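Student: Below are the sequence and a predicted model; questions follow.
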Number of protein chains: 2
Amino acid sequence: MDTPAVEPVKRYLLGLQDEVTAGLEALDGAGTFRRDVFESPAGGVVRPRVLSEGAAFERAAVNFSHTVGSRLPPAATTTRPGLAEAPFEAVSMSVIVHPWNPYAPTAHENLRFFVARPAGAPPVWWFGGGFDLTPHYGFEDDAVHWHRAARDACKPFGEDVHARFKQACDEYFTVRHRREARGIGGLFFDDLNEETFGGFGRTFAFLRSAGAAFLPAYARIVERRKQLPYGEREREFQLYRRGRYVEFNLVYDRGTLYGLQSGGRVESILASLPPLVRWQYDWQPEPGSPEARLTEVFLTPRDWLADD
Amino acid sequence: MDTPAVEPVKRYLLGLQDEVTAGLEALDGAGTFRRDVFESPAGGVVRPRVLSEGAAFERAAVNFSHTVGSRLPPAATTTRPGLAEAPFEAVSMSVIVHPWNPYAPTAHENLRFFVARPAGAPPVWWFGGGFDLTPHYGFEDDAVHWHRAARDACKPFGEDVHARFKQACDEYFTVRHRREARGIGGLFFDDLNEETFGGFGRTFAFLRSAGAAFLPAYARIVERRKQLPYGEREREFQLYRRGRYVEFNLVYDRGTLYGLQSGGRVESILASLPPLVRWQYDWQPEPGSPEARLTEVFLTPRDWLADD
């Protein structure tokens, strides 16, 4: 299969949405996703699913969207400004999970496929996406486990693929004004096509490999952490750290800005924001505390698999 | 006085910062501002003042900054892109108050003065600023009182001044992706100089008139509302509405983006963010409730002084 087509990618992402939704419900053990479907007159569809105040998850959102647009928003492609304003189709599936337990990390995944149809030129397609993890308290074994899953998903596609997309993830998920990583990273890729990665079939296969890795990798970490006892101190720190998440998503995140620029459904786009957030002026963790260790050890890009 | 100079504006804004700080402490009745001073090697200074968890105010920030920079950030002027990258000086004073009581509105004021010195051309200066009010629960008499203060501050400078800057405020403080006003507005002006408003002396006098109007207008509203009894419902709605404030400040606010782009002190810039914020997926107020009235009546630009 090497003819780029939206339909098979759409089918795959809809199926993955079902899988992730079911998997997160099982992991939560009590909450269920509210399932909506909105169709647009232009032929697009949004299928948001949000779980609120479950047993393990304070909020989880698993969103699918198929956009049929007459003008590609500038945020959609940074490498081909010539395509801005071209008619396009995009399918996208994204996941964001904010657990209650401060020891369980926030997780994010996004997978997307674009086809732009510039006037008087052949269609242009590309895949983008990845997944990353944002702990509030750092655990070395969670970090190693997470990056192993990312490496294993990349392995069949070449020796350098993991290093390349791990580095891109570290670069992308940076809260620039804080000079701080958003989390411990994972994979990030964008503008993948025949020039930058491979033919449609091979690139789509890579997307599926990344897509399949997310849920099992995250589920194992949540299983380990969701029952750990915690108190007000850890909860307050979690709410405080969530502020960084909001800062990143609203100031820098390409997917969020793309969604807001393209007139997407605001409640679906901003379902990625944490349910409760705290900003505290000029707060500093106590030296040597677990809270200080987070930024010192975990929020600086590093090779978690150096000893593997 | 018609020679533009940073020094007198700086002196005025430093004095106003002292006045507003003292006024808000008196209004709070218990809390005090933490006062810091940071000097930069380039000759600039930041004088942040933050009050946390007072009696009336959950957070108030009154910030002064004098920036001496080698390259003007793009967000600093939208009308003269040719000045981006020019050496510049800027003095700015800003106020943001987040009261505890959901019936007391959030208030914001900013006053700023820029001088850019492009290579091989005469210096260019301009004033900007304004003030605006963001209620969580709407009161007609507060809105009328607030806009009267704004009108009175503008009156000595011409018949059309208030209408022009009131409209600019309504346009600027729009949460575009929500198609919703951030609050009930007030005054907003930018790029004021001899071409757009008047000479340096007259424009500086207007800045002082706007600056003098803010505290008394806001204090009267806080006095009226800070003791009203409220419960969990009102508090939850306040936290929810604060989400809109964060969305505006991080996605659209020129001052915030300017600060983050120019490498300003992050904790001072983001002291404008509310201390505690809630996002709730797809929440809708009950029809006919005070919460529904806020958006229906107050968050749509209108002429609050039509009957005056």
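Tutor: Okay, I see it.
Student: switch to C-alpha atoms for all contacts and neighbour counts from now on
Tutor: OK.
Student: is any part of stretch A:266-283 close to chain B?
Tutor: Yes: counting by C-alpha under 8 Å from any C-alpha of the partner chain, chain B is contacted by stretch A:266-283 at A:266-267, A:271, A:273-282.
Student: Dump that stretch to PDB, restricted to CA.
Tutor: Provided in PDB are the C-alpha atoms of stretch A:266-283 (Å, rounded to 0.1, in the frame of the first residue of the first chain):
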ATOM      1  CA  VAL A 266     -12.700  24.700  22.000                       C
ATOM      2  CA  GLU A 267     -13.900  22.300  24.700                       C
ATOM      3  CA  SER A 268     -12.200  19.300  22.900                       C
ATOM      4  CA  ILE A 269      -9.000  21.200  22.300                       C
ATOM      5  CA  LEU A 270      -8.700  22.500  25.900                       C
ATOM      6  CA  ALA A 271      -9.800  19.200  27.400                       C
ATOM      7  CA  SER A 272      -6.000  18.700  27.600                       C
ATOM      8  CA  LEU A 273      -5.800  21.300  30.400                       C
ATOM      9  CA  PRO A 274      -5.700  20.000  34.000                       C
ATOM     10  CA  PRO A 275      -8.900  20.200  36.000                       C
ATOM     11  CA  LEU A 276      -7.400  22.100  38.900                       C
ATOM     12  CA  VAL A 277      -4.200  24.200  38.800                       C
ATOM     13  CA  ARG A 278      -2.300  26.400  41.200                       C
ATOM     14  CA  TRP A 279       0.200  29.200  40.600                       C
ATOM     15  CA  GLN A 280       2.300  30.300  43.600                       C
ATOM     16  CA  TYR A 281       4.500  33.300  43.400                       C
ATOM     17  CA  ASP A 282       8.200  32.600  43.400                       C
ATOM     18  CA  TRP A 283       7.900  29.300  45.100                       C
END
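Student: Buried by neighbour count: which residues of it qualify?
Tutor: By 16 or more other C-alpha atoms under 10 Å in any protein chain shown, the buried positions in stretch A:266-283 come out as A:267-281.
Student: ok, which pair from these is furthest apart?
Tutor: Greatest spacing in the buried residues of stretch A:266-283, by C-alpha to C-alpha: A:Ser268 and A:Tyr281 (29.9 Å).
Student: Next secondary structure element downstream of the lowest-mean-pLDDT helix or strand in chain A?
Tutor: None of the helices or strands of chain A scores lower by mean pLDDT, DSSP states H and E than helix A:254-261, at a mean of 86. Downstream of helix A:254-261, the first helix or strand assigned by DSSP states H and E is helix A:266-269.
Student: can you pull the contacts of whichever residue of the stretch 51-200 of chain A sits closest to chain B?
Tutor: The nearest approach of the stretch 51-200 of chain A to chain B comes at A:His177, 5.9 Å away (C-alpha to the nearest C-alpha). Counting by C-alpha atoms under 8 Å, 6 or more residues apart in numbering or on different chains, A:His177 makes contact with B:260-261, B:263, B:266.
Student: repeat for A:Arg112
Tutor: Counting by C-alpha under 8 Å, 6+ apart, A:Arg112 has contacts A:90-93, A:127-129.
Student: SS state for the residue nearest to it when sequence neighbours are not counted?
Tutor: Spatially, and ignoring its direct neighbours in sequence, A:Arg112 is nearest to A:Ser92 (4.2 Å; C-alpha to C-alpha, 6 or more residues apart in numbering or on different chains). Under the three-state scheme (DSSP: H, G, I helix; E, B strand; the rest coil), A:Ser92 adopts strand.
Student: Next: A:Leu215.
Tutor: Under three-state DSSP, A:Leu215 falls in the helix class.
Student: ok, so what distance separates the residue nearest to it when sequence neighbours are not counted from B:Arg265?
Tutor: Leaving aside its sequence neighbours, A:Leu215 sits nearest to A:Val20 (C-alpha to C-alpha, 6+ apart; 6.6 Å). A:Val20 sits 40 Å away from B:Arg265 when distances are taken as C-alpha to C-alpha, to the nearest Å.
Student: So which of the two has more stuff around it?
Tutor: For A:Val20 versus B:Arg265, neighbours defined as other C-alpha atoms under 10 Å in any protein chain shown are more numerous around A:Val20 (19 against 16).
Student: Figure out how far the strand or helix carrying that one is from the centre of its chain.
Tutor: In the assignment (DSSP H and E), A:Val20 maps to helix A:6-28. Here the centre of helix A:6-28 is set off from its chain's centre by 14 Å, with C-alpha atoms, centre = their mean, to the nearest Å.
Student: In terms of secondary structure, what does the very next helix or strand once past that helix contact?
Tutor: Using DSSP H and E, the next helix or strand after helix A:6-28 towards the C-terminus is strand A:34-35. Under the contact criterion of 3 or more C-alpha pairs under 8 Å, 6 or more residues apart in numbering or on different chains; DSSP states H and E, strand A:34-35 touches strand A:45-52.
Student: Which positions in the stretch 151-300 of chain A make contact with chain B?
Tutor: Residues of the stretch 151-300 of chain A lying near chain B by C-alpha under 8 Å from any C-alpha: A:177-178, A:247, A:250-251, A:260-261, A:263, A:266-267, A:271, A:273-282.
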